[in-house]
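Trainee: how would this look folded up:
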Amino acid sequence: MVVTAVVAVGFVAWALKGILTPFLLAVFLLLMIDGLARALRERIPGFPRRLAMPAALTLIVAFFLAVIWMVANNTAQFVAQASGYEKRLNTILGQVAAKVGLHVPPTVEGLVHQLNPAKYAAPLAQGAQGVASGAFVVLLYLAFLVASRGNFSRKGAKLFGDPTSRNDASRIFQRIREGVEGYVWVQTVAGLLIAVPAGVLMAVLGLGHAAFWALLIFVASYMPVIGGAVGTILPPIFALLQFPGFVQPIILLAGLQAIGFVVGNVVQPRMQGSSLNLDPVAIFLALAFWGALWGITGAFLSTPLTVTAMAIMSQFKSTEWIAVLLSSNGEP
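Mentor: Sure, this is the predicted structure:
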């Protein structure tokens, strides 16, 4: 029955991903806004309570739009600089071919011709259009969620008329909120601890688009496992295309790996120990499952969804064993 339920839920989630992914991203943003508003009220003495929610909403939405704009702007700049990257890449291919003994080194033009990029042009254009339209849909969902936020408590009172069931539902929601907010807090701090020194290192070495790469590292930190790999591998690759030698790329790769190792193995585990009770294997499996269903969005939401599932399953005897397996210490 459990296997059948998982398959059924997975199929429904895949079939409705066009509806569910922007809605769940909006819910995730709403939780971030609510947590930030609470932090502004509680941690800043004298901060007006009425301004906490508008201020948090403005900050989160502005950051969300800034990420979209920076990605679009830097993508256009990368395309404009493609000819320079092609020359450098031809040089690298020639050096590699000489090392392995190839008499006719491959060229970027020949590789591109073999890959036939024309057939990928339409999917890439559709993907770019989908990012823009998806961001608009997420913000639209978020606007309606914020507008109806004040009625959540009254709807809960109607849904759970019995005081006992109402208290149980409130306790479950509180656990979900604390788990998601704890995850967001840990990943935000860890992302900043990696992105800020990484941005300084890239700026000192003279890597182009250093601010964009630092932002990419910060955003990628919300995706477990693959986020750190993407954030530490892509900048050295572009450094290899930008600089004439191999010194700067090697220094950048070593520096990013050292920063990620210290934060990932020293700082982050101590923070997660008190705020996130998920087994590492469960995090990896959740990443694979939701990533296969929803792509990048699923990878981004995999941990919050797993925290939510563990909090709900721990309340019922029939599913408590699943929550125990998902938890890190066996006490979900």
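Trainee: my guess is L252 contacts A203, does it?
Mentor: No: L252 is beyond contact range of A203, at 11.2 Å (criterion: Cβ atoms under 8 Å). All C-beta spots, glycine's among them, are computed from the backbone N, C-alpha and C.
Trainee: of these two, who's got more company?
Mentor: Taking other Cβ atoms under 10 Å, L252 and A203 do not tie; L252 has more neighbours (25 against 13).
Trainee: what is the mean pLDDT for the host helix or strand of the more buried one?
Mentor: Using DSSP states H and E, L252 sits in helix 247-262. Average pLDDT, helix 247-262: 89.
Trainee: In three-state terms, label M310 for me.
Mentor: helix (DSSP: H, G, I helix; E, B strand; the rest coil).
Trainee: wouldn't it be in contact with G330 here?
Mentor: No: if you go by Cβ under 8 Å, M310 and G330 don't touch, sitting 11.8 Å apart.
Trainee: between those two, which one's more packed in?
Mentor: The neighbour comparison of M310 against G330 (other Cβ under 10 Å) goes to M310, with 25 against 10.
Trainee: give the contact list for N265.
Mentor: Residues in contact with N265 (Cβ atoms under 8 Å, 6 or more residues apart in numbering): none are found.
Trainee: ok, now W290?
Mentor: So, once contact is read as Cβ under 8 Å, 6+ apart, W290 ends up touching 298-299, 301-302, 305.
Trainee: let's see it at 6 Å
Mentor: 298, 302 (Cβ atoms under 6 Å, 6 or more residues apart in numbering).
Trainee: Report the secondary structure element holding it.
Mentor: With DSSP H and E as the criterion, the answer for W290 is helix 280-313.
Trainee: How far off centre is that helix?
Mentor: 11 Å (Cα atoms, centre = their mean, to the nearest Å).
Trainee: can you check stretch 59-69 too?
Mentor: 14 Å.
Trainee: In that stretch, which residues are buried?
Mentor: 60-61, 64, 68 (16 or more other Cβ atoms under 10 Å).
Trainee: would a markdown table of those residues with pLDDT be doable?
Mentor: Output for those, formatted as a markdown table (pLDDT from 0 to 100):
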| residue | pLDDT |
| --- | --- |
| I60 | 86 |
| V61 | 85 |
| F64 | 81 |
| I68 | 79 |
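Trainee: Can you pick out the most distant pair from those?
Mentor: I60 and I68 (13.0 Å; Cβ to Cβ).
Trainee: Any buried residues in the host helix or strand of A8, and which?
Mentor: A8 is part of helix 2-15 when elements are defined by DSSP H and E. Neighbour-count burial for helix 2-15, counted by 16+ other Cβ under 10 Å, picks out A13.
Trainee: do the same with stretch 249-256
Mentor: Buried, per 16+ other Cβ under 10 Å, within stretch 249-256: 249, 252-253, 255-256.
Trainee: ditto for stretch 219-229
Mentor: So stretch 219-229, judged by 16+ other Cβ under 10 Å, has buried residues 219-224, 227-228.
Trainee: Name the nearest residue to G10, sequence neighbours excluded.
Mentor: L293 (6.3 Å; Cβ to Cβ, 6 or more residues apart in numbering).
Trainee: The one you found - how many residues pack around it?
Mentor: So L293, with other Cβ under 10 Å, has 19 neighbours.
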